[in-house]
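Q: Provided below are the primary sequence and the corresponding predicted coordinates.
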Amino acid sequence: MKNLRIIFFLAISLLASAQIPRRCSSPPKYPTTRLRSRFSRRHMFDSGQKVYYNCVEDFVPHAGNLSVTCIDGTWTKLTLKCEKKSCGNAGDLPHGRLQYEGHSFIGEKVYAICNDGYTLKGPKYMTCKKSGWTGKFPTCEEDMTCSTPEVADSVGSNVSFHHVGEKVTFTCSSGFMLDGPQQITCGPSGQWEPKPPRCLTSLSQGGCGTPANIKNSNTNLADRFITRTTFAPGEQVHYICDVGYRPVGGSRYRNCVRGQWTPLLLKCERKLCGSAGEIKNGYFIYSGVEFGDTATAHCDEGFHLVGRSTRNCMSFGWDGRAPFCEVVECEEPPEVTNAMKKGPVEGPYKYRSVIVYECRRGTLVGNKEVWCTKNGTWSTPPTCREITCPPPSVPNAAWTRAHLRFYQHRDAVTIDCRHGYTRVGVSTVTCGNNGQWIPSLPKCRHT
């Protein structure tokens with residue numbers, strides 16, 4: 001009999017302990033992840049509670065779930081996978097190739113290697129950083145020499161070719177004048193710098209001087225004519241549109257006729273960029289769509305901008321790339337004492353997500369619903385309060401309900417005046433939200 005009692009009490013104690021779920025200690029650490037800050041300082045967690053992880057700096061989420069759950073003293077396994085941020089392809093290197101150190105992850109390098117017969121100009125490598133590939137893009141330039149420049153009616157060098165850095169000096173023959181630099185240098189690209197001069201007849205023979213630029217025409221004399229000071233009769237020059245402008249009509253040429261330049265008829269207008277792109281859950285506001293104009297991105301309510309907000313219309317089109325609008329998210333909804341929540345059981349809590357509160361004890365004061373606002377915060381939560389009213393004491397009257405020290409919220413009582421008195425006001429009042437009887441208590445006047 002004694003053994004049966006021991007077995008009975010042992011079974012009862014085991015049953016009781018089995019019904020109490022065990023708590024969990026601090027969540028485990030995982031490579032390339034970190035626990036969100038609001039969970040990192042806690043050391044014990046209830047069974048069923050979730051905690052959330054983020055990827056560490058320079059890593060981004062690739063797959064899996066952000067959370068783990070405490071189940072009877074044991075954490076579920078984190079499935080979140082984080083991978084290093086990548087800069088992607090650095091581009092193409094003409095007359096050479098780019099050799100990558102790895103997979104273009106942050107901190108890795110890409111090296112420039114030129115083909116035979118070409119020399120590297122610029123840095124030997126670029127580094128992948130948060131902002132992308134850093135450093136000036138390298139170039140491969142051909143190892144060249146310069147052929148002897150031919151300038152009619154001049155006395156110059158009779159060497160067939162010149163090495164980079166060598167100079168040539170010119171002198172015009174009798175009856176001609178030098179138009180351009182007297183000395184030129186063989187440049188690293190195999191071209192003479194500046195361009196070779198010319199020997200022209202003098203202005204007194206019907207030639208022209210350097211043509212002036214036309215103000216407010218958005219045009220410029222082509223580069224190869226800028227350094228010249230004299231032009232022969234009948235010689236022709238041409239103009240180009242300024243950067244960001246395009247020709248829309250008229251001839252680009254001017255001719256030297258009897259010592260005067262013919263008028264310039266070229267018309268140039270600003271280049272068009274068109275649309276700056278589409279933004280899901282957002283839009284662009286344009287100052288215009290021509291060269292020099294801007295397009296500024298704005299997000300719809302409940303979304304925030306990721307990327308650069310302004311794009312500029314350049315000579316080659318809109319600079320940069322279109323940003324995107326990401327939905328606003330809120331943290332865990334606030335806890336309300338003596339209340340329980342109804343709604344999404346776990347995050348993310350996006351813009352306009354709604355949580356409903358119900359009081360376990362007391363009366364709900366405020367709005368029972370809270371929602372995730374456009375600012376990423378929850379609207380004001382309600383409270384659960386014990387609301388009571390004092391006895392509805394009215395001189396020369398009595399009320400039809402048990403006489404209590406306090407009455408609960410929404411309790412109603414009926415008040416009757418004694419014989420010989422007349423009631424002024426309502427007969428039934430109710431205990432209201434602010435602990436006062438509503439409507440106001442009546443009065444009993446002597447008749």
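A: Alright, I've got the coordinates.
Q: can you point out the buried residues in stretch 320-338?
A: For stretch 320-338, burial by neighbour count (16 or more other C-beta atoms under 10 Å) applies to A322, P323, F324, C325, V328, C330, P333, V336. C-beta coordinates here come from the backbone N, C-alpha and C atoms, glycine included.
Q: could I get those residues in JSON lines, plus columns for distance to V110?
A: Shown next, in JSON lines, are the buried residues of stretch 320-338 (distance: C-beta to C-beta, whole Å):
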{"residue": "A322", "distance to V110": "26"}
{"residue": "P323", "distance to V110": "27"}
{"residue": "F324", "distance to V110": "27"}
{"residue": "C325", "distance to V110": "32"}
{"residue": "V328", "distance to V110": "37"}
{"residue": "C330", "distance to V110": "41"}
{"residue": "P333", "distance to V110": "47"}
{"residue": "V336", "distance to V110": "55"}
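Q: among the residues you listed, which are in helices?
A: Nothing among the buried residues of stretch 320-338 maps onto helices, per DSSP state H.
Q: helices along this protein, start to end?
A: Secondary structure of the chain (DSSP H): helices located at 2-18, 37-40, 223-226.
Q: what's the burial count for P28?
A: Neighbourhood size, P28 [other C-beta atoms under 10 Å]: 10.
Q: okay, it: pLDDT?
A: P28 carries a pLDDT score of 89 in this model.
Q: that one: what's it in contact with?
A: Listed by C-beta atoms under 8 Å, 6 or more residues apart in numbering, the contact set of P28 reads W75, L78.
Q: repeat the analysis, applying 7 Å as the threshold.
A: Each residue near P28 by C-beta atoms under 7 Å, 6 or more residues apart in numbering is listed here: W75.
Q: I'd say Y53 and K29 touch.
A: No: look at Y53 against K29 with C-beta atoms under 7 Å: they stay out of range, at 9.5 Å.
Q: more neighbours: which of those two?
A: Taking other C-beta under 10 Å, Y53 and K29 do not tie; Y53 has more neighbours (23 against 10).
Q: ramachandran angles for the residue nearest to R361 when sequence neighbours are not counted?
A: Once flanking residues are discounted, R361 sits nearest to N338: 4.7 Å by C-beta to C-beta, 6 or more residues apart in numbering. Backbone torsions for N338, taken as degrees, to the nearest 10, come to phi 60, psi 20.
Q: hang on, N338 packs against L364?
A: No: applying C-beta under 7 Å, one finds N338 not in contact with L364, separated by 9.6 Å.
Q: anything in contact with each of the two?
A: C384.
Q: contacting residues for the residue nearest to R361?
A: Going by C-beta under 7 Å, 6+ apart, N338 touches C359, R360, R361, G362, C384.
Q: for P138, give me its contacts.
A: L93, A112, L120, K121, G122, P123.
Q: likewise G244?
A: Neighbours of G244 in contact, by C-beta under 7 Å, 6+ apart: R270, K271, F291, G292, S315.
Q: go through those residues and name the one nearest W371.
A: Nearest to W371 out of the contacts of G244 is G292 (C-beta to C-beta; 43.4 Å).
Q: what about that closest one, distance to S315?
A: Relative to S315, G292 is positioned 10 Å away (C-beta to C-beta, to the nearest Å).
Q: grab the nearest non-local neighbour of Q49.
A: With C-beta to C-beta, 6+ apart as the criterion, Q49 has its nearest non-adjacent residue at 5.1 Å, and that residue is C70.
Q: if I pick G207, what's in contact with it?
A: By C-beta under 7 Å, 6+ apart, the residues touching G207 are L200, T201, T230, F231, A232, P233, C256, G259.
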